[in-house]
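Q: Next comes the sequence, and after it the predicted model I'd like to discuss.
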Amino acid sequence: MSALGHYLEEEGIATVAISLIRPQTENTKPPRALWVPFELGRPFGPPNDPTFQRRVILTALHLLERESGPVIIEDFPDDDPRAQPDPAWHPPFVPTASVDGSAEELAARLEAEIPLLRGAHDRWLAQNRRTTVGLSALPMADCGRYVADWVRGNAPASPRDGFSAPLILRFAVDDVKAYYLEAGAAGAGKPSSQQLGDWFWNETAAGAAIHALRNACLASQDERLKLIAGNFMVPAARVRGTG
Amino acid sequence: MTRLTSLPPAQAERLAALECPNFETTPWVTGSALSRRRVAIVSSAGLAVRGEDPFRGRDPDYRAIPADTKPEELLVSHISINFDRTGFQEDWNVVFPLDRLNELAADGVVGSVAQTHYSFMGATDPVQMEPYARELAGRLKGDQVDAVILSPV
């Protein structure tokens, strides 16, 4: 991000970067940056908190009016209030998932679980009037079936022209995660990302199935599949055995 | 929060040690007061408008996001899964603060908001992005943009 600032500024356009990882910004030395103490993925802080977000963006934009520089790296003083867990939040009901079981059992549980979340996801849509599901462009039932077929070891062909099977698998896994995390956040509670992630990865059949799929793909002879499974399915913090 | 101590040790080590370009120059462009600036967002979240070409891997180019894009039309196609997406799911301003910028323009705090905003895919080697970033500068100038806020994930 800071490198983009360097290139644009060299071309004559003033830039200010939000910085999430201060050591990287210190190394790249952009013209202006505001480091924010928020988690990765939240450069402007808490969702649905316009006042807080406005303070972040204004603090950054005002760095454009400084006369001394480069390099300016300043720190935003306040933490994201939504980083705290909400004890009142409860996830939608799903049967207790087991990480054990054959590939067929895990795949079947995933396919059976998705329809159970339909009501929660409908509530999410009614509340938010949007969904971030859609990278694979498959309806959610088809998306779940496609991932489940991979869990079963069938290596199904890509259903979309111009998109390879491993790419559609990555997009379908992303869509399943988005669907669940949106369904999980429906309702009055304000869960932290940690709470939602704990639920998805530890308590749902989808989380168990994606873990199993990752392990199966890592054991395959297909280097591309290994790359995608190893890096782009289960977050580093959720890979079992590494904390 | 993204203090490296709050991340898994392997991830923190990787992020801290990530090779960054070592630039020989430190460019610096000054300009008018914020109230007269035209501001664009350039994100590295791998944002793509629904139905258009998502980022497939470490693509070095960028996607255009017209200012009239609706929140339901914007997707994250970044290859990394090691950042939170639930904030963006709930409110796109967490990553793409277009509503906040429009409010600042309506209040006269910033001059105006660009017609088009842009996204790269931040896991790409910056050296590969350079020609696209320089080409993008021309497009931004064509839109009279004189201030860019860079939004990472």
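A: Noted; the coordinates are in hand.

Q: which outside residues touch the lengthiest strand in chain A?
A: Using DSSP state E to define each element, chain A has its longest strand at strand A:14-19. Strand A:14-19 has contacts (CB atoms under 8 Å, 6 or more residues apart in numbering or on different chains) with A:1-2, A:4-5, A:8-9, A:25, A:30-36, A:43-44, A:56, A:60-61, A:63-64, A:73, B:29-31, B:37, B:42, B:146-152. Any C-beta I mention is one placed from the backbone N, CA and C, and that applies to glycine too.

Q: From these, which land in helices?
A: A:2, A:4, A:5, A:8, A:9, A:25, A:56, A:60, A:61 (DSSP state H).

Q: of those residues, closest to chain B?
A: residue A:9 (4.0 Å; CB to the nearest CB).

Q: The lowest-mean-pLDDT helix or strand in chain A and chain B in contact?
A: Lowest mean confidence among the helices and strands of chain A (mean pLDDT, DSSP states H and E): helix A:223-232, at a mean of 88. Yes: applying CB under 8 Å from any CB of the partner chain, one finds helix A:223-232 touching chain B at A:231, A:232.

Q: Tell me the one among the ones in helices among the contacts of strand A:14-19 nearest to residue A:82.
A: When the ones in helices among the contacts of strand A:14-19 are compared for distance to residue A:82 (CB to CB), residue A:56 wins out at 13.0 Å.

Q: Might you report the residue contacts of the closest one?
A: Residue A:56 makes contacts with A:18, A:34, A:36, A:43, A:44, A:45, A:76, as judged by CB under 8 Å, 6+ apart.

Q: same question, residue B:67
A: Contacts of residue B:67 by CB under 8 Å, 6+ apart are B:98, B:113, B:114, B:115, B:116, B:117.

Q: Tell me which helix or strand comes right after the longest helix seen in chain A.
A: Looking across chain A with DSSP H, the single longest helix is helix A:165-185. Using DSSP states H and E, the next helix or strand after helix A:165-185 towards the C-terminus is helix A:193-203.

Q: Counting by contacts, list what the helix or strand that comes right after that following helix packs against.
A: Scanning forward in sequence from helix A:193-203 by DSSP H and E, the next helix or strand is helix A:205-218. Here helix A:205-218 touches helix A:103-113, helix A:140-151, helix A:165-185, helix A:193-203, helix A:223-232, going by 3 or more CB pairs under 8 Å, 6 or more residues apart in numbering or on different chains; DSSP states H and E.

Q: Most tightly packed of these?
A: Neighbour counts (mean count of other CB atoms under 10 Å in any protein chain shown) averaged over each of the helices and strands packed on helix A:205-218 peak at helix A:165-185, with a mean of 24.

Q: on that earlier part again, indicate whether the longest helix of chain A makes contact with chain B.
A: Yes: Helix A:165-185 reaches chain B (CB under 8 Å from any CB) through A:167, A:170, A:171, A:174, A:177, A:178, A:181, A:182, A:185.

Q: Which residue ranges make up the domains of chain A?
A: Per automatic domain parsing, the domain ranges recorded for chain A read A:2-82, A:103-238.

Q: Can you lay out the ones you listed as CSV showing distance to residue A:95?
A: Shown next, in CSV, are the domains of chain A (distance: least, CB to CB, whole Å):
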stretch, distance to residue A:95
domain A:2-82, 29
domain A:103-238, 7
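
Q: so which of those gets nearest residue A:90?
A: Counting by CB to CB, residue A:90 lies closest to domain A:103-238 out of the domains of chain A; the figure is 6.7 Å.

Q: Can you check the distance spanned by that closest one, start to finish?
A: Its first and final residues considered, domain A:103-238 spans 20 Å by CA to CA, to the nearest Å.

Q: Just checking, which helix or strand of chain B averages the lowest pLDDT?
A: Least confident helix or strand, chain B: helix B:9-17 with a mean of 69, by mean pLDDT, DSSP H and E.

Q: Show the contacting residues for the closest residue to residue A:66 other than its chain neighbours.
A: With sequence-adjacent residues excluded and distances taken as CB to CB, 6 or more residues apart in numbering or on different chains, residue A:66 is closest to residue A:72, at 6.0 Å. Neighbouring residues of residue A:72 by CB under 8 Å, 6+ apart: A:31, A:32, A:33, A:63, A:66.

Q: Now rank those by neighbours and give me the top one.
A: residue A:33 (30 neighbours; other CB atoms under 10 Å in any protein chain shown).

Q: That one pairs with what?
A: residue A:17, residue A:73 (DSSP bridges).

Q: Now do it, the pLDDT please.
A: Residue A:33 is assigned a pLDDT of 97 by the prediction.

Q: surely it meets residue A:73?
A: Yes: contact status for residue A:33 versus residue A:73: in contact at 4.9 Å, counting by CB atoms under 8 Å.
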